[in-house]
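# coords below, sequence missing:
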């Protein structure tokens, strides 16, 4: 459950890493949510036909598109690969190998280009520091704003 909530809290976050445990826990919880949505559709009768997905299943599917993508990209980062490798999921047969590889490949030990071993993104020197960027600069003293002469700018 914590991995599922972590994926939802990091809805649009492609940076960092996700471990095998997070990857599988998230996938399991999404399956449980789909099953619950299917039962709700069957009880409420929101499915247009017997073998078509109902409103709740479609809603759950649309809601989980982005978190599923971000978890898979972070899992790719965990094994030391770029998120662009996710495009292999659109190639038949290759997507099965990618799924197997993401699910069973061990994490890279320690830090890699995408973050440290705990799944948090790395803070590099020179990278944009959001906290610093959001802080307002201190007001300059009035004496520094005064122009002494045009020679100062030449």
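Yes, it's here. Please read all numbers here as calculations on a predicted model, not as lab measurements.

# how about residue 85, what does it touch?
Residue 85 makes contacts with 76, 98, as judged by C-beta atoms under 8 Å, 6 or more residues apart in numbering. For every residue, glycine as well, the C-beta is placed using N, CA and C.

# ok, residue 25 - contacts?
1, 2, 3, 4.

# Make CSV out of those residues and add secondary structure and neighbour count.
Shown next, in CSV, are the contacts of residue 25 (DSSP: H, G, I helix; E, B strand; the rest coil; neighbours: other C-beta atoms under 10 Å):
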residue, secondary structure, neighbour count
1, coil, 10
2, helix, 11
3, helix, 19
4, helix, 20
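
# Name the next helix or strand downstream of the one helix or strand residue 43 maps to, please.
According to DSSP states H and E, residue 43 maps onto helix 20-44. Going down the chain from helix 20-44, the next helix or strand is helix 55-63, by DSSP H and E.

# which residues sit against that following helix?
33, 34, 37, 38, 40, 41, 44, 46, 47, 53.
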